[in-house]
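> structure here, sequence nowhere to be found:
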């Protein structure tokens, strides 16, 4: 009877053990240690990427077809991170959010540059008119009345 239970327990263990997630994760070390890189240039997706033109971007390797594409990517990464499927979604979202914040800041700076000078000139003009008006009023008060 004990032998039957022991054989039955071994059979159940052999049938159930491969289905456990912990054992499945331990059996495939080659895919977890494999380094993920892109095979096409993110700037020019029709071109193949080269290991000679590789950079580290937020902890992931990104390859390009040439140095010009590398410079374009680094100047505006939000436009090209969508072509990099091996980047984590959090990284892509962070890069896009940072680009949007930078765009809003640049727009605000342009608005301030555009309207600050005319506004300051208008205020200066109002102050000058006010000062000139006071001077005219004071000069009329201090002038002696005209004799007939």
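Here it is on my side, so go on. Predicted model only: the values in this text are computed from it and were never measured. Numbering: from 1, shown residues only.

> check contacts around residue 42.
Going by CB atoms under 8 Å, 6 or more residues apart in numbering, residue 42 touches 62, 64, 69, 73, 80-81, 83-84. C-beta here means a position set from N, CA and C on the backbone, and glycine is covered the same way.

> can you name the helix or strand that it falls in?
Remark: residue 42 resides in no helix or strand, with elements defined by DSSP states H and E.

> do a quick rundown of the strands in the chain.
With strands called from DSSP state E, the chain shows them at 50-57, 60-64.

> out of the ones you listed, deepest packed?
Of all the strands of the chain, strand 60-64 has the most neighbours on average by mean count of other CB atoms under 10 Å, namely a mean of 21.

> from the contact counts, what lies against that one?
On a contact count with 3 or more CB pairs under 8 Å, 6 or more residues apart in numbering; DSSP states H and E, strand 60-64 meets strand 50-57, helix 67-75.

> next one: that strand to chain centre, how far?
Centroid separation for strand 60-64 versus its chain: 17 Å, with CA atoms, centre = their mean, to the nearest Å.

> contacts for that strand next, please.
Contact with strand 60-64 is made by 35-39, 41-43, 49-51, 53-56, 70, 73, 84, 86-88, 91, as judged by CB under 8 Å, 6+ apart.
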